[in-house]
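In: Would you be able to build a 3D model of this:
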Amino acid sequence: MANGATQAVENATRLSEIGFPEFTAKLITDTFGAITASYLDQTAQYMAVVQAVSQTLQDYINNTADDISADEIGAFLLGIGGLNDDALNFLLGDSTAAASLNTTEVATINNAVVLPPVAGPSTAPASSGSLTNSKKQNIAEAIARRIANNKYDLLQTMVRQGVLRLYVDNGVIETRLTFTAYGEAVSSSAKTKRERLESNFTSGFGAGGGFGGIVGNTIVGFGGAGGFGRSKSSLTVSTSKENHRDVSGSRVQIFGRVRLSFKTDLLPLASPGT
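Out: Numbering: from 1, shown residues only. The predicted model follows:
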């Protein structure tokens, strides 16, 4: 019969197949890799902001206006307000029906897209009268330059306030292993017993009698006797079943834990004054 305790111990010897040390090492390296990648990404974004605001406003607008999306231009148009529905739908590209601007609407658009003198020379894009595709294009380009100007102002404000930096001050890396091995041995048996029994049974019956008389000068008589017997045989079967079950087992538990506490700090790459 197999031994459950022996089987449990044999299973426990396979602990090395799990690769717990390798798992722990990868967890540590991946965690520090994620922290480093986050720091590098934040640094790259900060450098991009500094590089952007190092340009003049005119250069920044010229380099950025073409990247302004149609959705941004549309949102700016909706935010202006004071435009008739036909003109607004035409400028948004939702309609090609004839539309026009009055002098009040022209002033509203031109005031909304005006740029400061340091941004370079600029002209008023809107004019009164019927709207054409050419006028629509001029207004869209003026809006894109105004949006670029707003982004430049926002970046300058961010630099003055300081760029938000996120880093890990301290942390804990913990791995834990619970390894359970169990072995079981089971045996069973069954037994059937049959038994044949026979019995004999005998019975009998008998009778006798007679009578007589005188017939003429002769005496006559009659008499008789009889009997019978019986034998009976029977078969009896007796069945019994026995089960026997033997279970033996053993459980082995192995616990492992690794806990690392760390704190990050910034190491200057260059000494002051270099």
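
In: What is the neighbour count of Ala37?
Out: Counted by other CB atoms under 10 Å, the residues lying close to Ala37 total 10. Any C-beta I mention is one placed from the backbone N, CA and C, and that applies to glycine too.

In: where's it relative to Ala65, distance?
Out: The gap separating Ala37 from Ala65 is 33 Å, by CB to CB, to the nearest Å.

In: try Leu131
Out: Distance check for Leu131 against Ala65: by CB to CB, it reads 22 Å.

In: Model confidence for the closest residue to Thr103 other than its chain neighbours, exactly?
Out: Here the nearest residue to Thr103 in space, its sequence neighbours aside, is Ser128; by CB to CB, 6 or more residues apart in numbering that works out to 5.1 Å. Model confidence at Ser128, expressed as pLDDT, equals 92.

In: just checking, Ser128 touches Asn102?
Out: Yes: taking CB atoms under 8 Å as the contact criterion, Ser128 and Asn102 are neighbours in contact, 6.1 Å apart.

In: domains for this structure, by residue range?
Out: Annotated domains of the chain cover 1-17+179-274, 55-161 [automatic domain parsing].

In: how about the helices in the stretch 101-250 of the chain?
Out: If you assign secondary structure with DSSP state H, counting those that start in this stretch, the helices in the stretch 101-250 of the chain sit at 103-113, 133-161.

In: orientation of the longest one relative to helix 103-113 in degrees?
Out: If you take axes from the mean of the first three to the mean of the last three CA atoms, to 10 degrees, helix 133-161 sits at 40 degrees to helix 103-113.

In: in helix 133-161, what's buried?
Out: Of the residues in helix 133-161, those buried by neighbour count under the rule 16 or more other CB atoms under 10 Å are 135-136, 138-149, 151-152, 155.

In: and what of the shortest one?
Out: Neighbour-count burial for helix 103-113, counted by 16+ other CB under 10 Å, picks out 105-106, 108-110, 112-113.

In: what residues does that helix touch?
Out: Contacts to helix 103-113, defined as CB atoms under 8 Å, 6 or more residues apart in numbering, come from residues 76, 80-84, 87, 101, 124-128, 139, 142-143, 145-146.

In: Restricted to strands, list those.
Out: Judged by DSSP state E, the subset of these located in strands is Leu101.

In: Of the contacts of helix 103-113, grab the buried ones for PyMOL.
Out: For the buried members of the contacts of helix 103-113, the matching PyMOL selection, counting by 16+ other CB under 10 Å, is:
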select buried, resi 76+80+83+87+101+125+126+139+142+143+145+146
